[in-house]
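Visitor: Here's my sequence, what's the structure:
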Amino acid sequence: MIRTGLSALSGLLAAGVFRQSHVPSLFPLYHVTPFCNLRCEYCEGFPEIGLPGASAAFSPPDAEERYQLGTEDVFRLLAILRRRFDYLFLTGGEPLVRPDFPAILRRARALGFRRVSVNTNGVLLPARREILPLVTDLVLSLDTLDPAAYARVIGSSPEVARGIIDHLDEWAALDRSRALRLTVHTVLRPKDPSPALALLEHCLARRIHICVSPLHTKYRVTVEEEERAAYEAFYDRVIRLKRAGETVSGSYAFYENVRRLEPYRCLPMVIPRILPNGRLLYPCRPRGQVAGSILAHGSWDAAVRGAVRSQGRVRTCRESCRIRCYIEPSLLLTHPAALIQEAR
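Guide: Have a look, this model is predicted:
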C-alpha cells in the first residue's frame, strides 16, 4: 500500500499545510452497475446517467450498452486504475447483479490490487460465495434486525430481509477467521434511533465492525429540534464505544462531525467516484458534474487533467454533504491533529 501512503502524505501536505483543495486521490470508488435487486426507500439512483431513484431497480435488455461498461471494458478500466492505485472499492447499485462480477474480481486480484472492497446488500451473497476469497473487505448494508421493518426499507419481502439478517453470523465467522474484514453499514434515522441502537449492540456483542451513518436526503441530514437530544446521545455513545476499543468502524472525526453537523472543508477527489459507464464524477456526486471517459483518456492522470480543463480545479466547498467518504478523508487531511487522535 505504498502508493496509498504516499498519496495520503501528499494530500496531508497539500490540504493541511498549504490549504489546497485539489489533492491526490487515495483510491477510487467504482460503481460497477447502476442496477439493483432491491428498492430501498432512500436510494437516490443515478440521475447522472438517467436513472434516478428506484428506476435503477431494473435492468433493461440494452443495459450494458446504455448504462454500464461491458466485461472487457471493465477489465481495461481496472488495468488503468491499477497503474495509479493499490486499493479498489467496488459498489453499485448492487454489484452482485452483474453475472460477470466474479470475473471482474478475479481480474482485479490478478492485476495486483492489494485491497479490494465490495459493498453489497447481501441478497445474492449466499448463492455467490465464490467471490468471498477474492474480497479483502466486505461492506454489508443492514439497517435493522426486524425482518418486517427491513422489508419496508428495502422494498422487498420479509423473507428476503430475513435471509440477509440470518446470514450475518456466517459472514462474521469469515472475519473472525481473518478470511476478510466484514463491516456492517447501517443508517440512523433521527426520528427513531432504536433500530440502529439494537443493531449496534448486536454487532458489538459479536465483535462485528459496524459503521452508523445518519440518514440523508440529497446529501443533507435534517434533525428536528425534538429529535436532537436522542440523536446526539446516540453518537456520544458510539464515540464512547470506539474509545473503549469496541468494533466501531469510522473515525472520531467522522462521528464528531455528524454528531454536531458542523460545516467542514470538503476535498471530494480524495476518494473519487467512477460511474458505471466509466466516466469520472468530478468533483463529486452531490454536484452531479460528469467528466470524460477514463477509457478514452487512457490513464487516471489524463482523465483528471481533462476534468480540470473542462470544469476547472476543485474549489473549496463548505456545503457539508453528510457522506462518510467525503467527510472522513477531508477532515483527516485538513486537520492533522485528527490523525493523531485516530492513532491513540
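Visitor: so where is this structure shaky, pLDDT-wise?
Guide: 1-22, 54-64, 343-344 (pLDDT under 70).
Visitor: all strands of the stretch 1-150 of the chain, in order?
Guide: For the stretch 1-150 of the chain, strands defined by DSSP state E, counting those that start in this stretch occupy the ranges 29-31, 45-46, 51-52, 87-91, 115-120, 137-141.
Visitor: which one of these lies closest to residue 289?
Guide: Between residue 289 and those, the tightest spacing by C-beta to C-beta is seen for strand 45-46, at 13.8 Å. For glycine as for every other residue, the C-beta is placed from the backbone atoms N, C-alpha and C.
Visitor: Please compute how far the closest one lies from its chain's middle.
Guide: Taking C-alpha atoms, centre = their mean, to the nearest Å, one finds the center of strand 45-46 at 14 Å from the center of the full chain.
Visitor: need the strands of the stretch 1-150 of the chain in CSV with mean neighbour count, can you?
Guide: Below are the strands of the stretch 1-150 of the chain laid out as CSV (neighbours: other C-beta atoms under 10 Å):
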stretch, mean neighbour count
strand 29-31, 22
strand 45-46, 21
strand 51-52, 17
strand 87-91, 21
strand 115-120, 22
strand 137-141, 20
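Visitor: what are the C-alpha coordinates of the helix or strand where residue 183 lies, in PDB please?
Guide: Using DSSP states H and E, residue 183 sits in strand 181-188. Extracted in PDB, the C-alpha atoms of strand 181-188 (Å, rounded to 0.1, in the frame of the first residue of the first chain):
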ATOM      1  CA  ARG A 181     -12.900  -8.000   7.100                       C
ATOM      2  CA  LEU A 182     -16.600  -7.500   7.500                       C
ATOM      3  CA  THR A 183     -18.200  -4.100   8.200                       C
ATOM      4  CA  VAL A 184     -21.900  -3.700   8.600                       C
ATOM      5  CA  HIS A 185     -23.100  -0.300   7.400                       C
ATOM      6  CA  THR A 186     -26.400   0.900   8.900                       C
ATOM      7  CA  VAL A 187     -28.400   4.100   8.500                       C
ATOM      8  CA  LEU A 188     -29.600   6.000  11.600                       C
END
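Visitor: now for the helix or strand that that strand is followed by, which elements pack on it?
Guide: Where DSSP H and E defines the elements, the next helix or strand beyond strand 181-188 is helix 194-205. Here helix 194-205 touches strand 181-188, strand 209-214, helix 225-243, going by 3 or more C-beta pairs under 8 Å, 6 or more residues apart in numbering; DSSP states H and E.
Visitor: Just put the ones you listed in TSV and tack on mean neighbour count and distance to residue 280.
Guide: Converted to TSV, the helices and strands packed on helix 194-205 look like this (neighbours: other C-beta atoms under 10 Å; distance: least, C-beta to C-beta, whole Å):
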stretch	mean neighbour count	distance to residue 280
strand 181-188	20	24
strand 209-214	22	24
helix 225-243	15	33
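Visitor: Mind putting the ones you listed into JSON lines with distance to residue 120?
Guide: What follows is the helices and strands packed on helix 194-205, written out as JSON lines (distance: least, C-beta to C-beta, whole Å):
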{"stretch": "strand 181-188", "distance to residue 120": "10"}
{"stretch": "strand 209-214", "distance to residue 120": "15"}
{"stretch": "helix 225-243", "distance to residue 120": "23"}
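Visitor: and of the ones you listed, who's closest to residue 108?
Guide: Residue 108 lies closest, by C-beta to C-beta, to one member of the helices and strands packed on helix 194-205: strand 181-188, at 16.5 Å.
Visitor: and the angle from the closest one to helix 225-243?
Guide: Comparing the axes of strand 181-188 and helix 225-243 via axes from the mean of the first three to the mean of the last three C-alpha atoms, to 10 degrees yields an angle of 160 degrees.
Visitor: can you list the residues that contact strand 181-188?
Guide: By C-beta atoms under 8 Å, 6 or more residues apart in numbering, the residues outside strand 181-188 that reach it are 42, 119, 136-144, 168, 171-172, 174-175, 196, 199-200, 203, 208-215, 231, 234, 249.
Visitor: Would you map the helices across the protein?
Guide: For the chain, the helices defined by DSSP state H occupy 2-11, 63-67, 71-82, 101-110, 147-154, 158-166, 168-176, 194-205, 225-243, 252-260, 294-297, 300-311, 324-334, 336-343.
Visitor: quick one, which of the ones you listed is nearest to residue 125?
Guide: helix 168-176 (7.4 Å).
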